[in-house]
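Undergrad: The amino acid sequence is not available; the structure is as follows:
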Ligand SMILES: Nc1ncnc2c1ncn2[C@@H]1O[C@H](COP(=O)(O)OP(=O)(O)OP(=O)(O)O)[C@@H](O)[C@H]1O
C-alpha cells in the first residue's frame, strides 16, 4: 500500500467535513473520487497530502512516499514575473534537460520561457503535471485537473495521465466530475459525501442499465451516477454505508 486511512475525520470549526473515511491506495492503481459539490473531495485530498490536520483517525503513508500533486487551481499573480522554467525549479532545482524532457512529455515543449500568467488553462495544467512528474512520484494526486478545459482537452489530458501511469508505474488518485473518465480510466471509484458512501470497480457500475441510460448526460450525469450507486446493491462489490439523504437532496 502507498496510503491508508482508518476512521479519518476532519473538522472545520463546528462542522465535520469528513468523517470516518477508510481508504487504501495500492501501487499503480488509478482511483477516482466522485461526489457532489462540498462533499469533502478537496479536503480529503489535502488531508492525504498532509495539508489538513485530522480531528480523528489515522493516516499512514509509505515511508518516503513521493507525491506529485496537481492542485485544483493555481492562482497565478499576473504582477509576479515567473517563467515556466523557473517555476519548475520550485521548490527543488531541476536541470534544464530534466525540465525540457518533462515539458516535452506533457505536451508543452515550447513554453519554458513563457510567463506562467500568460499560459492557457490547458497549458498551465500540463506545466503543473510536468512539475509533478519531475518529483518522480510514487503517486500522482490530481484535484479536478481538467476544470475549465474543453472536451478534447480533457480527454487528451486523461490519456496523458494513463500513459504516465503505464510508463512510471505510479498510482493515480484524482477527483473528477467527468463520467467518461471515471468509467474508462479508473480502476476504482470512491463516492464521497462527507464519508465514503460506496466504492467499487467502475464496471460494476457501468454494467447497470440505469448507468447506461445516464452515460453521456454530461454535468447532470455525475450526480445521477452518484445516486445510482447508492440505490443499488452490486452483489457486495460496492459497499453501501449509511448515508445522508438530507445532504444529498440539499445538494441536488
Ligand atoms: N477554508 C475553508 N474554511 C471553511 N470551510 C471550508 C473551507 N474549505 C472548504 N470548506 C467546507 O468544507 C466542505 C468540503 O469542502 P471541499 O472543498 O472539500 O468539497 P469538494 O467536494 O471538493 O467540493 P467541490 O466539488 O465544490 O470542489 C464544504 O462544506 C466547504 O464549504
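TA: Yes, it's here. Since we're looking at a predicted model, the values are computed, not measured. Numbers count the residues shown, from 1 in each chain.
Undergrad: Kindly provide the distance from the spatially most central residue of the chain to residue 5.
TA: Nearest to the centroid of the C-alpha atoms of the chain, with distances taken as CA atoms, centre = their mean, sits residue 174, at 1.7 Å. Distance of residue 174 to residue 5, given as CB to CB, to the nearest Å: 17 Å. The C-beta positions use only the backbone N, C-alpha and C, and glycine is treated the same way.
Undergrad: swap in residue 129?
TA: Distance from residue 129 to residue 5, by CB to CB: 25 Å.
Undergrad: pLDDT value on the closest residue to residue 70 other than its chain neighbours, please?
TA: Nearest residue to residue 70, sequence neighbours excluded (CB to CB, 6 or more residues apart in numbering): residue 142, at 4.3 Å. Looking at residue 142, its pLDDT is 94.
Undergrad: May I have the beta-bridge partners of residue 142?
TA: residue 70, residue 174 (DSSP bridges).
Undergrad: Residue 189 now?
TA: residue 32, residue 200.
Undergrad: Pretty sure it sits against residue 200.
TA: Yes: using CB atoms under 8 Å, residue 189 is in contact with residue 200, at 6.5 Å.
Undergrad: Settle it for me: which of those two has more neighbours?
TA: The residue with more neighbours, out of residue 189 and residue 200, is residue 189; 25 against 19, by other CB atoms under 10 Å.
Undergrad: Pull up the gap between that one and residue 140, please.
TA: From residue 189 to residue 140 the distance is 17 Å (CB to CB).
Undergrad: same thing with residue 61?
TA: 14 Å.
Undergrad: Neighbour count for the two, which is higher?
TA: residue 140 (24 against 18).
Undergrad: what about the strand or helix carrying the more buried one, near the ligand?
TA: Assigned by DSSP states H and E, residue 140 belongs to strand 139-143. No: using CB under 6 Å from any ligand atom, strand 139-143 stays clear of the ligand, with a minimum separation of 7.4 Å.
Undergrad: show me the contacts for residue 173.
TA: Applying CB atoms under 8 Å, 6 or more residues apart in numbering to residue 173 gives the contacts 3, 25, 31, 32, 33, 45, 48, 139, 140, 141, 142.
Undergrad: What pLDDT is listed against it?
TA: Predicted confidence (pLDDT) for residue 173: 96.
Undergrad: Could you number the chain from 51 rather than 1 from now on?
TA: Yep, numbering from 51; the last one is residue 223 now.
Undergrad: per-residue confidence at the residue lying farthest from the centre of the chain?
TA: The outermost residue of the chain, judged against the average C-alpha position, is residue 129 (29.3 Å), by CA atoms, centre = their mean. If you check residue 129, the pLDDT there is 80.
Undergrad: And residue 300, by the same measure?
TA: If you check residue 300, the pLDDT there is 37.
Undergrad: Then residue 227?
TA: pLDDT at residue 227 comes out at 73.
Undergrad: what about it, how many residues close to it?
TA: Counted by other CB under 10 Å, the residues lying close to residue 227 total 20.
Undergrad: Wait, a strand at residue 57?
TA: Yes: counting by DSSP: H, G, I helix; E, B strand; the rest coil, residue 57 falls inside a strand.
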